[in-house]
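[1] What follows is a predicted structure for the sequence shown.
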Amino acid sequence: MAGETNGRVERDLPLANVRDIGIMAHIDAGKTTATERILYYTGKTYKMGEVHDGAAVMDWMVQEQERGITITSAATSCQWGDFRINIIDTPGHVDFTMEVERSLRVLDGAVAIFDAVEGVEPQSETVWRQADRYRVPRICFVNKMDRVGANLERSLTSIRERLDARPVAVQIPVGLEETFTGVIDLVAMKSVAWFDELGEEWGYEEIPPDMRDRAEEARHEMLEVVAEFDDELLEAYIHNEEIGEEIIHRAIRRGTLDASIVPVLCGSALKNRGVQPLLDAVTRYLPSPLDVPAVEGENPYTGEVETRPPADEAPFSALAFKIMSDPYVGKLTYFRVYSGSLKTGAFILNSSKGQKERVGRILRMHANHREDVDTVCAGDIVAGVGLKKTSTGDTLCDPSHPLLLEQMSFPEPVISVAIEPKTKIDQDRLSESLTRLSDEDPTFRVTYDDESGQTIISGMGELHLEVVVDRLLREFQVDANVGKPQVSYRETVTRPARGVRGRFIRQTGGRGQFGDVEIDLAPTRRGSGYSFESKMHGGEVPKEYIPAVDRGISEAATAGPLAGYPLVDFEVRLVDGSHHPVDSSELAFKVAGSMALKEAVKRAVPMLLEPIMRMEISVPEDYVGEVISDVNGRRGRIEHIEHEAGRQMLVVLVPLAETFGYATDLRSLTQGRATYHMDFFKYDEVPAGIAREVIARVRGH
């Protein structure tokens, strides 16, 4: 590409021919394998990498290659015919769902991949709901049709029932399990066959005679659904007339774009069957940047809502959705361009931070390989070098046309470990490395415990922290001792405390300090956090000091009285106070607010809360009794049990503190035949006996 920033830009292909898509699924459904095949068939790579060999291009981190899973979203770009497809391959493991969340925020469409044997699995349900939240149009690819037990109909039923979606099969398989050879295209009414081992040579053939009736029936089911999206198609269908392929494609595209239907294709990525028709479906049915609503934000100076159309002539606007440390070029900032164009070396405004940044280089990424480009335009997903102040979720825009896009929100971490460097050299490295890692990952937090002098790192699960520690040791060359995982408890109050006074008075030789406040404290519903309201009508506490009282209270709430855990789910009203015309200051009222909260919490009977996880355990029927017994021993509660073919799905609520090492225990209980998935559900009260143990342990008694 060439062109001027926000000026006339010469595109190498029309915006209508760009697709920004994500590939999402449960762990082990075959996302990365499918992406590898896409890169191979589009000429982006010359050799297919296999996940099980640790050679997948998109799983480029050492930790991904060793574990055979995707940990970080990898971005790439490829060409299929006249179309450019920008792809983000997202993780499937629950500890990394925020990688999926932030990717979905900047994508226009998605390919959901399902295992033909398992159908909809717990994590695919989680990412599907995330895509629902952002109204991302999807197509489905039912993978592993060559596996024993593969069943397209069962997969369609699970999509319908578990995801509350409306799947429409546009293909059916030719053969099943070890006899699977290809698919029947229900739009063209042709059989799609692959003629070589690598799946490069493929083409259309007549439908096998023994499958003709089944294909006619499946086509009829497809047309019955998609006819409602196109009047011309409906007319022809009702009168039993010949229907052209383009009309059917048009109807499927309309239904897909408004998220009314989900086209379903099938194949086996590992056996190189079904990937090229999937690429055709991406270009035919998923949206281009022109098909999604213009991005909306507010002017940071006037507060007025403004839109930016996906046009190269519009003012530049983009969202930074991922930060990555690169050993060669330093900090990489991934961003999606919504409007306008940007040239290397240009200055842009980070409207989230109110600071100007210069884009030193722009790179089109291919996993961890990169290609320099001069200019990027609307619809592009690229990485910038030189954006020092930018973090995940920040808006980048034209300085003369400021815009602030909706911020991303991230969940609080639920698990922590203490980490300490082994030597003085490691100490300096550790601090720098943790800063870089927390820049990259907004769900990873680093705090310093003043009392114990320990550095505490927190994340979304055991695997999340395990990977972070592994990266510290290998990538950043930091030698450190790591403690056992600790649960991130919370504290809250159980009853109101009214009329609590906080007075901070210091008289020194010169000007003194005077702050005096009275507050009411009350518990609120679980998950509501903290809220502050001023009920001051007179001038007892001058207006300019009220924000300082709020700050003092929220800072004091970072450590509760029981065991120093953050205080949550309470509201404070400032009801009275007094000030001194000379000695009052923001600092004095901040301290007074802090003192008032600490006193109020003591009176309000504080209690400990613990994270409760929602666990879905898929168990063969022979082992259900043992697994339920084990869950009960972990203070777990069975919510309900779903029956599947030969297996049972237990939906369980269990405290996080009781889940450490569960993967190993479940394997030994069921001879490795059960699987489970777990994500955070809510915070709830800790039983009194256990709360006493936790508090005593923290206080060192």
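    Structure's in. What do you need? Keep in mind it's a predicted model, so treat the numbers as computed, not measured.
[2] Output the below-cut-off pLDDT ranges for the stretch 1-150 of the chain.
    The model of the stretch 1-150 of the chain has pLDDT under 70 over residues 1-10, 26-29, 44-74, 89-103, 122-123.
[3] do that again at 90, thanks
    For the stretch 1-150 of the chain, the stretches with pLDDT under 90 are 1-13, 22-79, 81, 86-107, 117-135.
[4] Mind jotting down where the strands sit in it?
    Per DSSP state E, counting those that start in this stretch, the stretch 1-150 of the chain carries strands over the ranges 2-3, 9-10, 18-25, 74-80, 83-89, 109-115, 138-143.
[5] pretty sure residue 269 is in contact with residue 275, am I right?
    Yes: at 6.1 Å, residue 269 counts as touching residue 275 under the criterion of Cβ atoms under 8 Å. All C-beta atoms are positioned from the backbone trio N, CA, C, and that covers glycine.
[6] which residues are common contacts for those two?
    By Cβ atoms under 8 Å, 6 or more residues apart in numbering, residue 269 and residue 275 have these common neighbours: 34, 37.
[7] can you redo the strands of the stretch 1-150 of the chain as a markdown table with mean neighbour count and distance to residue 296?
    Shown next, in a markdown table, are the strands of the stretch 1-150 of the chain (neighbours: other Cβ atoms under 10 Å; distance: least, Cβ to Cβ, whole Å):
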| stretch | mean neighbour count | distance to residue 296 |
| --- | --- | --- |
| strand 2-3 | 14 | 25 |
| strand 9-10 | 16 | 23 |
| strand 18-25 | 26 | 18 |
| strand 74-80 | 21 | 24 |
| strand 83-89 | 24 | 22 |
| strand 109-115 | 25 | 19 |
| strand 138-143 | 28 | 22 |
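[8] Could you dump these into a markdown table with distance to residue 549 added?
    Putting the strands of the stretch 1-150 of the chain into a markdown table (distance: least, Cβ to Cβ, whole Å) gives the following:
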| stretch | distance to residue 549 |
| --- | --- |
| strand 2-3 | 52 |
| strand 9-10 | 52 |
| strand 18-25 | 44 |
| strand 74-80 | 45 |
| strand 83-89 | 44 |
| strand 109-115 | 46 |
| strand 138-143 | 48 |
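[9] Identify whichever of the ones you listed lies nearest to residue 186.
    Ranking those by proximity to residue 186 (Cβ to Cβ) places strand 138-143 first, at 14.1 Å.
[10] Mind listing what's buried along the helix or strand just after that closest one?
    Next along the chain after strand 138-143, taking DSSP states H and E as the criterion, comes helix 152-163. Under the neighbour-count criterion of 16 or more other Cβ atoms under 10 Å, helix 152-163 has 152, 154, 155, 156, 158, 159, 162, 163 buried.
[11] what's the answer for stretch 387-396, then?
    Neighbour-count burial for stretch 387-396 flags 387, 390, 391, 392, 393, 394, 395, 396 (criterion: 16+ other Cβ under 10 Å).
[12] contacting residues around it?
    The contact list for stretch 387-396, computed with Cβ under 8 Å, 6+ apart, reads 102, 297, 316-323, 331, 333, 335, 348-353, 355, 357, 359, 403-405, 407-408, 439, 442.
[13] Alpha carbons of it, as PDB, please.
    Only the C-alpha atoms of stretch 387-396 are listed here, as PDB (Å, rounded to 0.1, in the frame of the first residue of the first chain):
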ATOM      1  CA  LEU A 387       4.000   3.300  21.000                       C
ATOM      2  CA  LYS A 388       5.500   3.700  24.500                       C
ATOM      3  CA  LYS A 389       2.500   4.800  26.500                       C
ATOM      4  CA  THR A 390      -0.200   2.700  24.800                       C
ATOM      5  CA  SER A 391      -1.800  -0.200  26.700                       C
ATOM      6  CA  THR A 392      -4.500  -2.800  25.900                       C
ATOM      7  CA  GLY A 393      -7.900  -1.100  25.200                       C
ATOM      8  CA  ASP A 394      -6.500   2.300  24.300                       C
ATOM      9  CA  THR A 395      -7.900   4.300  21.400                       C
ATOM     10  CA  LEU A 396      -5.500   5.700  18.800                       C
END
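[14] mean confidence score for that stretch?
    Stretch 387-396 shows a mean pLDDT of 88.
[15] likewise stretch 458-468?
    Mean pLDDT, stretch 458-468: 78.
[16] Check stretch 649-668 too.
    Averaging pLDDT along stretch 649-668 gives 87.
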